[in-house]
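Undergrad: sequence first, predicted model second:
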Amino acid sequence: MPTLRTRSSLAAVLIAHILMFTLFALIASESVFAQDPPKYQVDPAWPKELPNNWIMGQVGGMAVDRHDHIWVLQRPSSDTPDELGASQKPPLSQCCFAAPPVLEFDAQGNLLQSWGGPGQGFDWPKREHGIFVDNNDNVWIGGAGDTDRHLLKFRSNGKFLMQIGHPSADPPNSLRSDILGRPAGIEFDAEAHELYIADGYLNKRVIVFDSETGAFKRLWGAYGNPPNDADPGPYNPAAPADQQFRNPVHCVHISVDGLVYVCDRVNDRMQIFTKQGKFLKEFSVRPQTLGAGSVWQFAFSIDAHQKFLLLADGGNNVIWTLLREDGSVVGQTGHNGRNAGQFHWVHQIVSDSQGNLYTGEVDTGKRIQKFALQPAPQTHH
């Protein structure tokens, strides 16, 4: 029969074990909570060479659909005569011909289908900008040409469905709902059947339409203010915060917790709203960046809480990894340059369901790249 002293020793050992187990559990939960920023490695073999002696122009838009197919909206009109040598009369060289504007790739880089360009019953944009594929596989396309004041809706095979707005040479008017203002970015709220537009290169607003009927729902400017089209002059990081968006209002995305993130590109800032347009908060990214600005486009990380934003910065030509909570920079991918994994005017970024990133470049970059998400390092306790 154990003595009182033996029993107290056993209890002490048991308590020590419980404390140790609790400590290990706390350390494990802390490491999960800490969650290292994602890391990426460029895949230099992606995508595969285009068929038909085709060449790609500037990448005006990118999207990933529910099948993890990567959609690219590129600009055939941005190809130069020497790039289209084979199509000149007489041919100047062996390559190339302009690829169609809409290209659909799989995750391995194979081209699955292509379509787009002028057709019957709709106005194809003069300068392709912005593409989104909704949960019904409908493809939405915008344009940022001088008279592009509209959006187009197609089936995934290119069959035309609907047009919102129409081409116009009217001056900017961010309070009009019948036309857009050279829209740049598109987002879709499947549950509400609503389409959010970052509008854009001419107007200075977010505008929301019914995705089934095209009916206008609501709009707002920076800080949730009514938008104002007055020219604010050049961006100055030392000046008080601009109370309006600057052109272009370049992206709009909705997080898992229902917040609306808007890229105010030249103001080097992201503004966050409710779906009704109530301003919640903002953060700046490299606010000393002049010229074309820093906040071009972004993708959410694929963890359940979307802890990180992967921000394509075409002014500094990097992808910043930001904490979504406050916009603080916790990582960087890429560098200005022409090699694989580097950028010249990185303009678009999207993520597939596996967390891989895909980027597209404008100006003379004219390419798409894949950055594979790297496995998290194993931690041992």
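TA: Yep, it's here. Keep in mind it's a predicted model, so treat the numbers as computed, not measured.

Undergrad: next up, the contacts around G221.
TA: The contact partners of G221, taken as Cβ atoms under 8 Å, 6 or more residues apart in numbering, are S174, K204, R205, V206, P227, N228, Q244, F245. (C-beta placed from N, C-alpha, C; glycine too.)

Undergrad: sorry, wrong one. I was asking about L310.
TA: L310 neighbours (Cβ under 8 Å, 6+ apart): 38, 298-301, 319-322, 333, 349, 351, 357.

Undergrad: what does W124 give?
TA: P101, G116, G117, P118, G143, L152.

Undergrad: am I right that the last one is in a strand?
TA: Yes. Per DSSP: H, G, I helix; E, B strand; the rest coil, L152 lies within a strand segment.

Undergrad: my read: it touches F122, true?
TA: Yes. The pair L152 / F122 is scored as a contact, 5.6 Å apart, by Cβ atoms under 8 Å.

Undergrad: same question for stretch 38-53, mean pLDDT?
TA: Mean pLDDT, stretch 38-53: 98.

Undergrad: sorry, back to before: the more surrounded of L152 and F122?
TA: Higher neighbour count among L152 and F122: L152, with 22 against 17, using other Cβ atoms under 10 Å.

Undergrad: wait, what's in contact with the more buried one?
TA: Contacts of L152 (Cβ under 8 Å, 6+ apart): F122, D123, W124, P125, W140, I141, G142, F160, M162, Q163.

Undergrad: any chance of the contacts of G221 in JSON lines, with secondary structure too?
TA: Listed next are the contacts of G221 as JSON lines, based on three-state DSSP:
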{"residue": "S174", "secondary structure": "coil"}
{"residue": "K204", "secondary structure": "coil"}
{"residue": "R205", "secondary structure": "strand"}
{"residue": "V206", "secondary structure": "strand"}
{"residue": "P227", "secondary structure": "coil"}
{"residue": "N228", "secondary structure": "coil"}
{"residue": "Q244", "secondary structure": "coil"}
{"residue": "F245", "secondary structure": "coil"}
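
Undergrad: re the thing from before, strands - which of the contacts of W124 land there?
TA: G143, L152 (DSSP state E).

Undergrad: now render the contacts of W124 as JSON lines, adding pLDDT.
TA: Shown next, in JSON lines, are those (pLDDT from 0 to 100):
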{"residue": "P101", "pLDDT": "98"}
{"residue": "G116", "pLDDT": "98"}
{"residue": "G117", "pLDDT": "98"}
{"residue": "P118", "pLDDT": "97"}
{"residue": "G143", "pLDDT": "98"}
{"residue": "L152", "pLDDT": "98"}
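
Undergrad: please pick the buried ones from the contacts of W124.
TA: Taking 16 or more other Cβ atoms under 10 Å as the criterion, what is buried in these is P101, G116, G143, L152.

Undergrad: how near is the second one to E104?
TA: Yep, that's G116 we're talking about. For G116, the distance to E104 equals 11 Å [Cβ to Cβ, to the nearest Å].

Undergrad: just the last one next, same as before
TA: Distance of L152 to E104, given as Cβ to Cβ: 16 Å.

Undergrad: among the contacts of L310, which lie within strands?
TA: Per DSSP E, the contacts of L310 map to strands at F298, A299, F300, I319, W320, T321, L322, T333, I349, S351, L357.

Undergrad: pretty sure the fifth one is touching Q332, no?
TA: It refers to W320. Yes. Assessed by Cβ under 8 Å, W320 is found in contact with Q332 at 6.0 Å.
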